[in-house]
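J.: Pasting the sequence and the predicted model now:
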Amino acid sequence: MKKTLLTALTLSGMASAACCYFAAVGKDVNQPGQRAFISWDEQEQVEAFTVQPQFKGNADQFGMVIPTPSQPKLQEMPKDFFRALAVFTILEPMDMAKYKTMMYSTSSRAEGGSMNKAAPPRPAVRILEHGIVGNLDYKILEADKPDALYVWLKNNKYNYGGDQATLDYYVKQKWNFTVMKIDPRQMKRDASGTFLGVITPTRFTFKTSKPIYPLRITQISVKDQTDVLLYVMARKKMDMDGNWSYEPNFLSMWNTAISFAVPDKLTPQEKSWQKNLAGKPLNPNQAGAQLEWAGKLTQARLDVLSGDAPYNRDAPKEEVARLKILRGHLKKDWYLTKFRKSFARAEMTHDIGLVPARYQGTPEDLEYVSILPTSPP
């Protein structure tokens, strides 16, 4: 994991701030091994996550298995959905009037059976639904036995690379499995016959008692480590649970940055958290995630999507114009939290639980929408 080194010196002028230029969007769009946009409605007990798998190869070589706690509804999402999210969550320029004169440097950071007497036994793997979403052919399955599901995937040429133990982890919890293949009719081939193209971002919506991201099933496809980028939209600021929380890393960075601020420029909330953290050891957590953007989706922020409010970050005009595809997907007055973690393969023994952000039992809803003096480049 990358570390950040901060050096502060008092000078007559402010040095150039660490910036999140448009080039950083490439990190969000091209580099993550996994990325998802998750929406969690605690009141309705409904979760939706949007994923966009990467693909290049032959249709027979490509198969995805996506487990969910209950039967999902699938919906095609805009092709450039994640690109627009990356642009929307570029940090705004630093408020130069808020921080004291300083210099710093940073480095890296189907229903079964008939009722007659001759009815066959209930199959161990059952197809609940079958259809096409975008360029993906999907089936939604339920299974009673992991070995039967493993054989079904092999016989139907999904080429699942995992083991039965991983499938058993989800079968025991009575999860459903969505299996997906490229629909060759929707794709183009290059001269060698390899399918090329962008996979349709697909949203899975399902009932669940708690929000979760299925990480364990992806372990088998990871050689050493994988980068996971999550955008989580909920009524509250959200975080990963347990030792993967971003709080130690975020609050350590935030508290140092606020120490450079002009006291009169701090909001009441910032003053309260500064006082709350005073004298407490804030040690970065190597196993924890990194918070990259967090803010309430106010009307003013949503107006940027329609062009009714100016976009004040560094991005080409055509990318800013593309923000309109997010309209209807970002909910007014909900909270959007973006965080990233690099997972070693050995860590991926369970799924990612999502919980309201808290620090030592206190709900934490500090926004992070502008560059701080301690922000990584």
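T.: Looks like it arrived, so ask away. Values in this document were obtained by computation on a predicted structure and should not be read as measured data.
J.: The stretch 151-300 of the chain: helices as residue ranges?
T.: Taking DSSP state H, counting those that start in this stretch as the test, the helices found in the stretch 151-300 of the chain are 164-171, 247-258, 268-277, 299-306.
J.: Make CSV from those and add distance to Thr226 and mean pLDDT to it.
T.: (C-beta placed from N, C-alpha, C; glycine too.) Converted to CSV, the helices of the stretch 151-300 of the chain look like this (distance: least, C-beta to C-beta, whole Å; pLDDT from 0 to 100):
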stretch, distance to Thr226, mean pLDDT
helix 164-171, 15, 91
helix 247-258, 19, 95
helix 268-277, 32, 93
helix 299-306, 30, 97
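J.: quick one: contacts for the closest residue to Ile220 other than its chain neighbours?
T.: The shortest distance from Ile220 to any residue that is not its chain neighbour, by C-beta to C-beta, 6 or more residues apart in numbering, is 3.9 Å, and that residue is Gly162. Contact criterion C-beta atoms under 8 Å, 6 or more residues apart in numbering gives 65, 217, 219-221 as the residues in contact with Gly162.
J.: of those, closest to Gln360?
T.: Out of these, the one with the shortest distance to Gln360 is Gln219. That distance is 31.3 Å, counting by C-beta to C-beta.
J.: Can you check the pLDDT for the nearest residue to Arg301 once chain neighbours are set aside?
T.: Once flanking residues are discounted, Arg301 sits nearest to Gly295: 6.8 Å by C-beta to C-beta, 6+ apart. The per-residue pLDDT reported for Gly295 equals 97.
J.: For the residue sitting nearest the centre point of the chain, give me its contacts.
T.: When the chain is reduced to its mean C-alpha position, the nearest residue by C-alpha atoms, centre = their mean turns out to be Leu230, at 1.4 Å. When the contact criterion is C-beta under 8 Å, 6+ apart, the partners of Leu230 are 35-38, 213, 338-340, 352.
J.: Export those residues as CSV, with columns for secondary structure, pLDDT and distance to Gln173.
T.: Putting those into CSV (DSSP: H, G, I helix; E, B strand; the rest coil; pLDDT from 0 to 100; distance: C-beta to C-beta, whole Å) gives the following:
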residue, secondary structure, pLDDT, distance to Gln173
Arg35, strand, 91, 24
Ala36, strand, 95, 19
Phe37, strand, 97, 23
Ile38, strand, 98, 19
Tyr213, strand, 96, 15
Lys338, strand, 98, 28
Phe339, strand, 97, 25
Arg340, strand, 96, 27
Ile352, strand, 97, 15
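J.: okay if I get these as TSV plus distance to Ala234 and neighbour count?
T.: As requested, the contacts of Leu230 are arranged in TSV below (distance: C-beta to C-beta, whole Å; neighbours: other C-beta atoms under 10 Å):
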residue	distance to Ala234	neighbour count
Arg35	17	23
Ala36	14	21
Phe37	12	25
Ile38	8	22
Tyr213	13	19
Lys338	12	22
Phe339	13	26
Arg340	18	18
Ile352	14	22
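J.: how about stretch 248-268: buried residues?
T.: 248-258, 260-261 (16 or more other C-beta atoms under 10 Å).
J.: that older thread, with distance to Gln360 as extra columns, can I get the helices of the stretch 151-300 of the chain in CSV?
T.: Formatted as CSV, the entries for these read as follows, by distance: least, C-beta to C-beta, whole Å:
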stretch, distance to Gln360
helix 164-171, 32
helix 247-258, 9
helix 268-277, 9
helix 299-306, 29
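J.: secondary structure element for the residue nearest to Tyr170 when sequence neighbours are not counted?
T.: Of all residues beyond its chain neighbours, the one nearest Tyr170 is Pro67 (4.4 Å), with distances taken as C-beta to C-beta, 6+ apart. When elements are assigned from DSSP states H and E, Pro67 belongs to strand 64-68.
J.: which residues make contact with that strand from outside it?
T.: For strand 64-68, the surrounding residues in contact (C-beta under 8 Å, 6+ apart) are 51, 53, 153, 158, 160, 162, 170, 175-181, 204, 206, 208, 214, 217.
J.: angle of it against helix 164-171?
T.: Using axes from the mean of the first three to the mean of the last three C-alpha atoms, to 10 degrees, the direction of strand 64-68 lies 40 degrees away from that of helix 164-171.
J.: on that earlier part again, Leu85: which of the contacts of Leu230 is nearest?
T.: Relative to Leu85, the closest of the contacts of Leu230 is Phe37; by C-beta to C-beta it sits at 6.3 Å.
J.: Kindly state the beta-bridge partners for the closest one.
T.: For Phe37, the beta-bridge partners are Thr50, Tyr231 (DSSP bridges).
J.: got a list of what it touches?
T.: 49-50, 81-82, 85, 230-231, 233, 329.
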